[in-house]
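Peer 1: please find the sequence and the predicted model below.
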Amino acid sequence: MSEENKVVVGRFFQEVWNEGKLHTVDELLAADYVDHRAPAGLPPGPEGTKAFLGSYRNAFPDMQTTIEDQIAEGDKVVTRYSVRGTHQGDLVMGNQRIPPSGNRVEVTGINIDRLEGGELIESWSEFDALGMMQQLRVIPEPGQADAGEG
């Protein structure tokens, strides 16, 4: 079962993140899917996931995710990934809207996905949001002057 679960998660990364096929979300996620990383205010289940992923695909239309490592045991799959893209559309993070900067970003992250019957049931995720914000020049990198100084 672990290898089959890795295939499902791999499809999610390839078809949804890389190819932007948001309809695949309905195929791979259970109706009662819980995304523990989802920002407040999004609808639950697959609809919230499509809204979340769609906003990132809009902000980074050339986004490409690479699975660096994947480990599966029982009903869980752990994926270490890297993602790169060019900030070409509005990025909404919480109540902050970041207009397109044209900056190229590269960040890493780790997902833990739990599957049941070939579907994703729940997910936890951590990614380098600080690094992304620094690369977008929203937050200064260590050693740089604050954005307000000048």
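Peer 2: Happy to help now that I have it. Residues are numbered from 1 along each chain as shown.

Peer 1: switch to C-alpha atoms for all contacts and neighbour counts from now on
Peer 2: OK.

Peer 1: need the residues that contact the strand ranked longest in the chain.
Peer 2: In terms of residue count, the longest strand belonging to the chain (DSSP state E) is strand 104-116. Applying C-alpha atoms under 8 Å, 6 or more residues apart in numbering, the set of residues contacting strand 104-116 from outside is 5, 9, 75-87, 120-129, 131-132, 135-136.

Peer 1: may I see the buried residues of the worst-scoring helix or strand of the chain on mean pLDDT?
Peer 2: Sorting the helices and strands of the chain by mean pLDDT, DSSP states H and E puts strand 91-93 at the bottom, at a mean of 87. By neighbour count with 16 or more other C-alpha atoms under 10 Å, strand 91-93 contains the buried residues residue 91.

Peer 1: heads up, I number from 818, so please use that
Peer 2: New numbering, starting at 818: the last item is strand 908-910.

Peer 1: what pairs with the helix or strand containing residue 894, parallel or antiparallel?
Peer 2: Using DSSP states H and E, residue 894 maps to strand 893-903. Applying DSSP bridges, strand 893-903 is found paired with strand 881-890 (antiparallel), strand 921-933 (antiparallel).

Peer 1: can you lay out those strands as CSV showing mean pLDDT?
Peer 2: Formatted as CSV, the strands paired with strand 893-903 follow (pLDDT from 0 to 100):
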stretch, mean pLDDT
strand 881-890, 97
strand 921-933, 98
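
Peer 1: what's the closest of these to residue 862?
Peer 2: Across the strands paired with strand 893-903, residue 862 has its closest neighbour in strand 921-933 (14.1 Å, C-alpha to C-alpha).

Peer 1: which elements pack onto the least confident helix or strand of the chain?
Peer 2: Secondary-structure packing of strand 908-910 (3 or more C-alpha pairs under 8 Å, 6 or more residues apart in numbering; DSSP states H and E): helix 862-876, strand 913-915.
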